[in-house]
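Novice: Build me a structure from this.
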Amino acid sequence: MSIADLKYSIILNLKNIPGPVVKKKIVVIECDDYGGIRMPSLEAMKQMRSAGVSIDGSRYNLLDTLEDKDDLTALFETLQIVKGTDGNAAVMSPFVNVANPDFEKIKANGYKEYFYEPFPKTLQKYGHNDGIMSLWKQGIEAGIFTPEFHGREHVSVQPWLEKLQEGNPQLQFAASYGFVAVANIKGIPAYAQEFRPEFFFTNDKQKAFLHNSITEGVKLFEQLFGYTASAFMPSNSVFHPDFEETVLQTGIPFLVVAHKNPTPGVNGELTFTNFTFRQKIQKGKLNYYIRNCAFEPTDNGYHSINGTMKQIAAAFRWNKPAIISTHRVNFVGGLNKENRDKGLKELEKLLKAIIQRWPDVEFKSTANMLKELKNLDE
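Specialist: Now for the predicted structure:
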C-alpha cells in the first residue's frame with residue numbers, strides 16, 4: 001500500500017468513527033438533481049455552442065437532462081436485479097427539485113420578476129408526457145424510488161435574475177433555450193458559477209425570497225408525492241443556518257450536509273462547518289447527517305467500483321450505514337444514450353459486488369434509514 005493509499009484509508013475510517021452503532025449493514029443510495037432541468041436538448045446545446053455560450057466545462061451541461069421514461073424503466077430494472085437479506089430490492093432515493101424557471105414568462109416580463117413551474121409541467125414541455133409521472137408513482141409504490149427534497153429549484157434565482165436584468169447577452173440567449181448554467185459570468189464567485197446553489201445570496205434582503213422558496217417547495221413536494229420529505233439536501237450543499245427553522249417548520253426533520261459544509265456570506269464569501277457522521281438527534285431541532293460514500297460512474301475521474309466499495313467497507317467497519325451519494329447525470333441518456341448505459345452497467349456491478357461481499361446487507365430508502373437512526377436515540 002502506498003503512502004497516499006494509507007492516508008486515504010485512515011481518513012475514510014476516521015470519518016466513520018463518530019456517531020451511533022447500527023448493528024445492521026445498511027446501504028442507502030441518495031441521488032440528487034431529479035426533476036430539475038439542465039441541458040434541455042441536443043439542439044439547445046448546438047445553438048449555444050454556435051453562439052459561443054460557455055457550457056463545455058461541466059459534464060452536467062453535456063450529459064445531464066430531464067429524465068425520461070426509458071431512463072426510469074432501465075433504472076428500475078437495474079435496482080431490482082439484486083435483493084438484500086430481508087428480500088427487498090435495492091432502493092434509490094431521488095432528491096428532487098420540484099420546480100423549474102418558467103423561461104417564457106420571465107422573458108415576457110422583461111426579466112423583472114421570477115416565475116416557476118412544477119417539474120411535471122417542464123417534463124410535458126419537453127415531450128416527456130408519455131406516462132412518466134405514472135412511472136414515478138410505480139417506483140414509489142414498489143418502494144424502489146423514494147423521493148426526498150432537493151429544493152424548489154436548482155438555481156441561484158436572484159443573482160441569475162439580476163444578471164438577466166443587466167442584459168447579459170449569454171444568459172439571455174441561454175434562457176431563450178431554457179438553460180441557466182452559463183459559466184464565467186463576471187461578479188459571480190467561483191462556487192456559484194453556473195447559478196446552481198439555490199441558497200447563494202448577495203445581501204440580507206434576498207433571504208426572504210429563500211425562506212419562501214423552502215415553504216413553497218415543500219408544499220409542492222407534498223402535492224406531487226402525497227407525503228412530507230424526511231430529508232432536505234440543499235443544492236451544492238450551500239446552506240445558511242438562518243434557514244434551519246423554516247425547514248423544520250415544514251415538517252422536514254433532517255438536513256443532509258457535507259463533511260465541510262459551505263455557508264454563504266452577504267459578500268459572496270464562504271465559511272465552512274465541520275460535521276462528523278451524525279450529531280446526536282435532538283427532538284424539536286433540525287438534525288444533520290452526512291453521506292459517507294460516493295458513486296459517480298460517468299465522471300472523468302471514475303475508474304471502477306473499487307473506490308465506492310472501500311468507502312462502504314469503512315462505513316460497515318465502524319457499524320455505520322453506507323450512504324452513497326450520486327447524481328442523475330449518471331443514469332440519463334437523453335443527450336447521450338451511452339452515458340446512461342455506462343452508468344447503469346456500473347451500478348449493476350456495484351450492487352452485485354455489495355451482496356456478494358456482504359450477503360447480510362439490507363437496502364433501505366433514506367426515510368427508513370433515518371427511522372433506524374432515530375430509534376437508536378429513543
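
Novice: Quick check: mean pLDDT of the longest helix along the chain?
Specialist: If you go by DSSP state H, the chain has its longest helix at helix 337-357. Averaged across helix 337-357, pLDDT comes to 98.

Novice: what mean pLDDT does the helix or strand that it is followed by have?
Specialist: Next in sequence after helix 337-357, counting helices and strands by DSSP states H and E, comes strand 361-363. Taken as a whole, strand 361-363 has an average pLDDT of 98.

Novice: Secondary structure element holding Pro18?
Specialist: Using DSSP H and E, no helix or strand contains Pro18.

Novice: what does Tyr302 give?
Specialist: Tyr302 is located outside every helix and strand, with elements delineated by DSSP H and E.

Novice: Please report the distance of it from Val329.
Specialist: Distance, Tyr302 to Val329, by CB to CB, to the nearest Å: 12 Å. Where C-beta positions appear, they are placed from N, C-alpha and C, glycine not excepted.

Novice: Who has more neighbours out of those two?
Specialist: Set side by side, Tyr302 and Val329 show more neighbours around Val329, with 27 against 17, by other CB atoms under 10 Å.

Novice: ok, the residue lying closest to that one once chain neighbours are set aside - how many residues close by?
Specialist: If the residues on either side of it in the chain are set aside, Val329 comes closest to Asp64, at 3.9 Å by CB to CB, 6 or more residues apart in numbering. Here the number of neighbours of Asp64 (other CB under 10 Å) works out to 25.

Novice: Is it correct that Asp64 is in contact with Gly35?
Specialist: No - applying CB atoms under 8 Å, one finds Asp64 not in contact with Gly35, separated by 12.0 Å.

Novice: following the lowest-mean-pLDDT helix or strand in the chain, which helix or strand comes up?
Specialist: The helix or strand of the chain with the poorest confidence is helix 3-16; it has a mean of 73 (mean pLDDT, DSSP states H and E). For helix 3-16, the following helix or strand on the C-terminal side (DSSP H and E) is strand 25-34.

Novice: average pLDDT for the following helix or strand past that next one?
Specialist: Following strand 25-34 in sequence order, the next helix or strand is helix 42-50 (DSSP H and E). The pLDDT scores in helix 42-50 average 95.

Novice: Could you list the buried residues of helix 42-50?
Specialist: The neighbour-count check on helix 42-50 (16 or more other CB atoms under 10 Å) flags 44-45, 47-48 as buried.

Novice: And for stretch 51-69?
Specialist: In stretch 51-69, counting by 16+ other CB under 10 Å, buried: 53-55, 58-68.

Novice: How about residues contacting that stretch?
Specialist: 33-34, 37-41, 45, 48-49, 122-123, 126, 128, 130-132, 135, 170, 173-174, 179, 181-184, 194, 298-300, 327-329, 331-332, 334-336, 339 (CB atoms under 8 Å, 6 or more residues apart in numbering).

Novice: Generate the ChimeraX command that creates a selection of the buried members of the residues you listed.
Specialist: Of those, the buried ones go into a single ChimeraX selection, burial set by 16+ other CB under 10 Å:
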select :33,34,37,38,39,40,41,45,48,122,123,126,128,132,135,170,173,174,179,181,182,183,194,298,327,328,329,331,332,334,335,339
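
Novice: Need the max-distance pair from the buried residues of helix 42-50.
Specialist: Within the buried residues of helix 42-50, Met45 and Gln47 form the most distant pair, 7.4 Å apart (CB to CB).

Novice: before we move on, the earlier item: return the distance of the residue nearest to Val329 relative to Gln158.
Specialist: With CB to CB as the criterion, Asp64 and Gln158 are 23 Å apart.

Novice: Same check on Gln356?
Specialist: Distance from Gln356 to Gln158, by CB to CB: 49 Å.

Novice: and what of Ala314?
Specialist: 40 Å.

Novice: Then Gly226?
Specialist: Distance from Gly226 to Gln158, counting by CB to CB: 31 Å.

Novice: Compare neighbour counts for those two and give me the winner.
Specialist: Using other CB under 10 Å as the criterion, Gly226 and Gln158 rank with Gln158 on top: 21 against 9.

Novice: for the buried residues of stretch 51-69, which one is nearest Gly343?
Specialist: For Gly343, the nearest member of the buried residues of stretch 51-69 is Leu63. The distance, counting by CB to CB, is 9.4 Å.

Novice: tell me the phi and psi of the closest one?
Specialist: In terms of degrees, to the nearest 10, the main-chain angles of Leu63 are phi -130, psi -20.

Novice: can you give me the strands for the stretch 151-300 of the chain?
Specialist: 231-232, 254-257, 260-264, 270-274, 287-290, 293-294 (DSSP state E, counting those that start in this stretch).

Novice: Can you spell out which helices and strands pack onto the second one?
Specialist: Of the remaining helices and strands, those touching strand 254-257 by 3 or more CB pairs under 8 Å, 6 or more residues apart in numbering; DSSP states H and E are strand 231-232, strand 287-290.

Novice: export the ones you listed to a markdown table and tack on mean pLDDT?
Specialist: What follows is the helices and strands packed on strand 254-257, written out as a markdown table (pLDDT from 0 to 100):
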| stretch | mean pLDDT |
| --- | --- |
| strand 231-232 | 98 |
| strand 287-290 | 90 |
